[in-house]
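Novice: Sharing a model that was predicted from the sequence below.
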Amino acid sequence: MSKFVILTGGVVSSLGKGTTAGSLGRLLKNRGVKVTMQKFDPYLNVDPGTMSPYQHGEVFITDDGAETDLDIGHYERFLDINLGRANNITSGRIYSSVINKERMGKYGGATVQTIPHITTEVKDCMLALTGDDVDIVIVEIGGIVSDYETGIYLHAIRQLQSEVGEENVFLLHVDLLPFIGATGETKFETVQSSIQRLNSFGISPDTIVCRTSKDAVMNNDVKTLIAKRCFLKGPEYVVQNADAETVYEIPITLQKEGLDNVILKKFGMNFPKSDLNSWSLMVNNFKAKNPEIRICIVGKYTKVADAYLSVEEAINHACTYNQVKAKIDIIDAEDIEEVGAEKFLKGAKAIIVPAGWGSRGFKGMIEAIRYARESKIPYLGIGFGMQLAIVEFGRNVLRLSGANTTEIDPDTEYPVIDVMKEQKKILNNGVNTRIGSCKCVLDPASKSAKLYGKELVTERHRHSYEFNTAYYDKYASADMIFAGMNPDSKLVEIVELKTHPYFVGVIFEPENKSRPNRPHPLFLGLINTAKSIR
């Protein structure tokens, strides 16, 4: 049967449970273990799709159209696999499912309660990922164990252990181990507190991963003391995960600490030692002292570090491949509205306008796009960034005064971006949003086709507005190429400018398919052009 590795977190959030989980997945996959991943988020939204980036950060889109937590992006990048709706579950989805079942009479008139009904639903979601094609399911529980909201998951873990057998469940607790510089001491009271909380639910971790600074002292004596105070079998079950220069270094750290060995030992699994040579080479390339180039992201969610996480990762993947290092500046479009584009964008080697919604920052993004077009700076527009590139071109090249997207101005005289009836040919979600994987046929003569190396690709979408095909001939007669089209609806997927070194707009979100060892072609093209700009 499939085994479970379940990660919990203690003391503070943002310790890196997601990167720890993804790194462990990579380590096990390299040993030949068949691994899948799952994240439980304790909030009551059904998914993060309607949450502000200021609340949640990035929404990561999967092939099946799920709007998921950004940790799903970590999992996909580390394991180079495609995940979906079953891999990210929220408490809102758990409760919604239980309530719907109750309304349909599925519980036979029983009183519906947290235990057993909610916890059973949690377990069912975990068990749904098991099967002959999965050796280990790695499950991350969001939040920290002292949160009220995580209680249902801790109860479910205890029940799962009882039902499938403790020998089939490995509990991994990620906690902060602070280093007090003034005294030179590594303190472990934080870990003790979290373990006491877990013990109160009748569960005890098999291993503790201690997040530390590089200065923290984690010798065998310290590990032995932590193991004794936290009821672990020995010091080998205490793992140090110190701050790293790049997150992709973490699998190497966990291998050195022997984490994969103790997991497979408990499960009685025999797999060859993980060969991380190619992964290590990639990490060394990430850390190499390459020449730096400035890449500007002009967006509207600039006060949240994780709002454009996948875009930043895709930039770094492409830069590493091109043997340059990215200096990423995230610029608030509203600042450009106040003082103009040149102050912020002068000296940029590439400009990206990422996906977004709504009118705030609209004019600043338009100005950034105009600056990139007129200054011949390599440009990549993603989703909203493509739509606004269409608007800017219509206004300033085709002289369609007031051209706009109907999202911003429903009464515009020139609705060059609009909700199109052709969308219905490829939608199955009952709303106008095109979401999930869609096909794109590329013009063989386009830059995009040369970068992809093929003429049919699939990409992930999350948008409600399209290029208005009524304006197709007007744009095509100017400098614009429609480089990619959806074969089912004939909607525009990619636009390019003929006389620009690199000006590409895509309606989809290519960053979701970029991998550290396999950068996305459109980001590769952007960076390859950018590094040649003097």
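Specialist: The structure has been received and is ready for your questions.
Novice: who's in contact with the least confident helix or strand in the chain by mean pLDDT?
Specialist: One helix or strand of the chain scores below all others by mean pLDDT, DSSP states H and E: strand 185-186, with a mean of 78. Residues outside strand 185-186 that contact it (C-beta atoms under 8 Å, 6 or more residues apart in numbering): 177-180, 212, 216-218, 222. Where you see a C-beta, it was placed from the backbone N, CA and C, and this is true even at glycine.
Novice: helices or strands next to the next helix or strand after it in the packing?
Specialist: Sequence-wise, the next helix or strand downstream of strand 185-186 (DSSP states H and E) is helix 189-199. Contact analysis of helix 189-199 by 3 or more C-beta pairs under 8 Å, 6 or more residues apart in numbering; DSSP states H and E lists strand 169-176, strand 207-212, helix 220-229 as its packing neighbours.
Novice: now with 7 Å?
Specialist: Other helices and strands packing on helix 189-199, by 3 or more C-beta pairs under 7 Å, 6 or more residues apart in numbering; DSSP states H and E, are strand 169-176.
Novice: Identify each buried residue in the strand it packs on, please.
Specialist: 169-176 (16 or more other C-beta atoms under 10 Å).
Novice: same check, this time on stretch 186-202
Specialist: For stretch 186-202, by 16+ other C-beta under 10 Å, it's 186, 188, 190-191, 194-195, 197-198, 201.
Novice: and what of stretch 48-66?
Specialist: Applying 16+ other C-beta under 10 Å to stretch 48-66 flags 48-49, 53, 56-63, 65-66 as buried.
Novice: Output those residues in TSV; the columns should cover pLDDT, secondary structure and distance to Ala288.
Specialist: TSV is the format used below for the buried residues of stretch 48-66 (pLDDT from 0 to 100; DSSP: H, G, I helix; E, B strand; the rest coil; distance: C-beta to C-beta, whole Å):
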residue	pLDDT	secondary structure	distance to Ala288
Pro48	92	helix	35
Gly49	88	helix	38
Pro53	82	helix	32
His56	81	helix	33
Gly57	84	coil	28
Glu58	92	coil	27
Val59	94	coil	32
Phe60	95	strand	28
Ile61	96	strand	31
Thr62	97	coil	32
Asp63	96	coil	33
Gly65	93	coil	38
Ala66	95	coil	35
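Novice: Present the residues you listed as CSV; the columns should include distance to Asn284.
Specialist: CSV is the format used below for these (distance: C-beta to C-beta, whole Å):
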residue, distance to Asn284
Pro48, 34
Gly49, 38
Pro53, 33
His56, 33
Gly57, 29
Glu58, 27
Val59, 32
Phe60, 27
Ile61, 31
Thr62, 30
Asp63, 31
Gly65, 37
Ala66, 34
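Novice: between those, which is nearest Leu15?
Specialist: Gly57 (15.4 Å; C-beta to C-beta).
Novice: Distance check, the closest one against Gly18.
Specialist: Using C-beta to C-beta, to the nearest Å, one gets 11 Å for the distance from Gly57 to Gly18.
Novice: do Val504 as well
Specialist: For Val504, the distance to Gly18 - C-beta to C-beta - is 30 Å.
Novice: Also Ile408?
Specialist: 35 Å.
Novice: ok, those two, which is more surrounded?
Specialist: A count of neighbours by other C-beta atoms under 10 Å puts Gly18 above the other of Ile408 and Gly18, at 25 against 16.
Novice: So that one lies in a helix, does it not?
Specialist: Yes: the assignment for Gly18 (DSSP: H, G, I helix; E, B strand; the rest coil) places it in a helix.
Novice: hmm, back to that, I'd like to know which of the buried residues of stretch 48-66 is nearest to Ala227.
Specialist: Nearest member of the buried residues of stretch 48-66 to Ala227, counting by C-beta to C-beta, is Gly57, at 34.6 Å.
Novice: Backbone torsions only: list them for that closest one.
Specialist: Gly57 adopts backbone torsions of phi 90, psi -150, taken as degrees, to the nearest 10.
Novice: need the contact list for Leu198.
Specialist: With contact set as C-beta atoms under 7 Å, 6 or more residues apart in numbering, Leu198 has these partners: 8, 145, 173, 204-205.
Novice: do that again at 6 Å, thanks
Specialist: Going by C-beta atoms under 6 Å, 6 or more residues apart in numbering, Leu198 touches Val145.
Novice: Gly381 sits in which helix or strand?
Specialist: strand 379-382.
Novice: just checking, next helix/strand downstream of that strand?
Specialist: Past strand 379-382, the next helix or strand by DSSP H and E is helix 384-396.
Novice: Quick check: mean pLDDT of that following helix?
Specialist: Average pLDDT, helix 384-396: 97.
Novice: What of stretch 412-422?
Specialist: Stretch 412-422 comes out at a mean pLDDT of 89.
Novice: Pull out the buried positions in that stretch.
Specialist: Neighbour-count burial for stretch 412-422 flags 412, 414-420 (criterion: 16+ other C-beta under 10 Å).
Novice: In strands only, show me those residues.
Specialist: 415-418 (DSSP state E).
Novice: Neighbouring strands - and their directions - for the least confident helix or strand of the chain?
Specialist: Strand 185-186 sits in its sheet next to strand 179-180 (antiparallel), going by DSSP bridges.
Novice: could you pull out the strands for the stretch 301-450 of the chain?
Specialist: Under the criterion DSSP state E, counting those that start in this stretch, the stretch 301-450 of the chain contains strands at 325-332, 350-353, 379-382, 404-405, 415-418, 434-442.
Novice: scratch that, the stretch 1-150 of the chain is what I was asking about
Specialist: Along the stretch 1-150 of the chain, counting by DSSP E, counting those that start in this stretch, strands occupy 3-9, 35-41, 60-61, 67-68, 88-90, 136-141.
Novice: Can you lay out those as a markdown table showing distance to Ala348?
Specialist: Below are these laid out as a markdown table (distance: least, C-beta to C-beta, whole Å):
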| stretch | distance to Ala348 |
| --- | --- |
| strand 3-9 | 38 |
| strand 35-41 | 35 |
| strand 60-61 | 26 |
| strand 67-68 | 31 |
| strand 88-90 | 35 |
| strand 136-141 | 36 |
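Novice: For Arg462, find the nearest of those strands.
Specialist: Smallest distance to Arg462 across the strands of the stretch 1-150 of the chain (C-beta to C-beta): 4.9 Å, for strand 60-61.
Novice: Looks like Ala483 contacts Val441 (just checking).
Specialist: No: assessed by C-beta atoms under 6 Å, Ala483 is found out of contact with Val441, at 9.9 Å.
Novice: Neighbour count: the two, which is higher?
Specialist: Ala483 (23 against 18).
Novice: Just the element for that one, please.
Specialist: Going by DSSP H and E, Ala483 is part of strand 480-485.
Novice: What strands line up against that strand, and which way round?
Specialist: strand 434-442 (antiparallel), strand 492-497 (antiparallel).
Novice: from these, which stretch is densest packed?
Specialist: A comparison of these by mean neighbour count, using mean count of other C-beta atoms under 10 Å, puts strand 492-497 on top with a mean of 24.
Novice: Next, the angle from that one to helix 384-396.
Specialist: For strand 492-497 against helix 384-396, the angle by axes from the mean of the first three to the mean of the last three C-alpha atoms, to 10 degrees is 50 degrees.
Novice: Contacts for strand 492-497, please.
Specialist: 440, 446-448, 467, 479-486, 503-507.
Novice: mean confidence for that strand?
Specialist: 97.
Novice: got any ranges where the stretch 351-500 of the chain has weak pLDDT?
Specialist: Applying pLDDT under 70 to the stretch 351-500 of the chain flags the ranges 422-431.
Novice: Distance to His317 added to the buried residues of stretch 412-422, as TSV?
Specialist: Output for the buried residues of stretch 412-422, formatted as TSV (distance: C-beta to C-beta, whole Å):
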residue	distance to His317
Thr412	38
Tyr414	37
Pro415	36
Val416	32
Ile417	29
Asp418	34
Val419	33
Met420	33
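Novice: Relative to the whole chain's centre, how far out is stretch 379-387?
Specialist: The chain centroid and the centroid of stretch 379-387 are separated by 19 Å, computed with C-alpha atoms, centre = their mean, to the nearest Å.
Novice: got it, and stretch 74-92?
Specialist: With C-alpha atoms, centre = their mean, you get 9 Å for stretch 74-92.
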